[in-house]
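Q: Sequence below, structure please.
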Amino acid sequence: MNNHSESVDNDELNAYPLNYLLHSNLGRLMRYYVQFYLPFLNGVRQEFSQQEQQTENPADLHEIYYTLSWNLSNSYFIIARSQKDYAPMTKIDKQIINCMTRVLKYLDVELNIPSSDSYSSFVKYRATRIHHRLVSLLHNTFHIQNNVARQKLLRVFESLDYEKALELSSPNH
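A: Numbers count the residues shown, from 1 in each chain. The predicted structure follows:
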């Protein structure tokens, strides 16, 4: 945006939240970079070390990847929850389902790691809540549909999400 008191066009207004998000994410990435590579910057540096050469291997960066996937899933969850709670169901049910599915995609990364800490429990709880919200959404959408084929499809998805929520919330999982 310019510093003058002129009118601002729509593109600049729409770009502001995106720029804010971009700078926020860049800041997080820079913070993660500093946390993991600071010892190399403070020490005497004479040549490119073997450890620095291996930093391109994604397996070495699993902590950063899991943190980023958690942050991304959290963002999608908040968007989908807000859309579900405050919007007319007839217009955006597909958007919400897509958003919640993205959240589950990123949470699957966390769920597939064997762990017994409280973070793992929180991830299971979050995934269970998302499946429960999807069941609720699909149930409400089912009742406003006039198309029988669409109702059957929604019923199948509803059952799958319900079973997954039960599986995640069971003590044996």
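Q: contacts and neighbour counts: CA atoms only from here.
A: Fine.
Q: residue ranges for the helices of this protein, please.
A: In order along the chain, the chain carries the following helices (DSSP state H): 10-42, 50-53, 62-86, 89-111, 118-144, 148-169.
Q: Just give me the lowest mean pLDDT stretch among these.
A: Among the helices of the chain, helix 50-53 carries the lowest mean pLDDT, at a mean of 55.
Q: Leu72 is in contact with Tyr106, isn't it?
A: Yes. Using C-alpha atoms under 8 Å, Leu72 is in contact with Tyr106, at 7.4 Å.
Q: Between those two, which has more neighbouring residues?
A: Neighbours of Leu72 and Tyr106, each counted by other C-alpha atoms under 10 Å, are more numerous for Tyr106; the result is 20 against 15.
Q: gap between the closest residue to Ser69 other than its chain neighbours and Cys99?
A: Using C-alpha to C-alpha, 6 or more residues apart in numbering and skipping residues adjacent in sequence, the residue nearest Ser69 is Tyr106, 5.5 Å away. Tyr106 sits 11 Å away from Cys99, taking C-alpha to C-alpha, to the nearest Å as the criterion.
Q: So what are the structural domains in this protein, by residue number?
A: For the chain, automatic domain parsing gives the domain ranges 8-41, 58-173.
Q: returning to that earlier point: which residues are in contact with the residue nearest to Ser69?
A: With contacts taken as C-alpha atoms under 8 Å, 6 or more residues apart in numbering, Tyr106 has the following neighbours: Ser69, Trp70, Leu72, Ser73.
Q: just the buried members of the residues you listed?
A: Ser69, Trp70, Ser73 (16 or more other C-alpha atoms under 10 Å).
Q: wait, what's in contact with the second one?
A: Pointing back at Trp70 there. Tyr106, Leu107, Glu110.
Q: And the last one, by the same measure?
A: Taking C-alpha under 8 Å, 6+ apart as the definition of contact, the neighbours of Ser73 are Arg102, Val103, Leu104, Lys105, Tyr106, Leu107.
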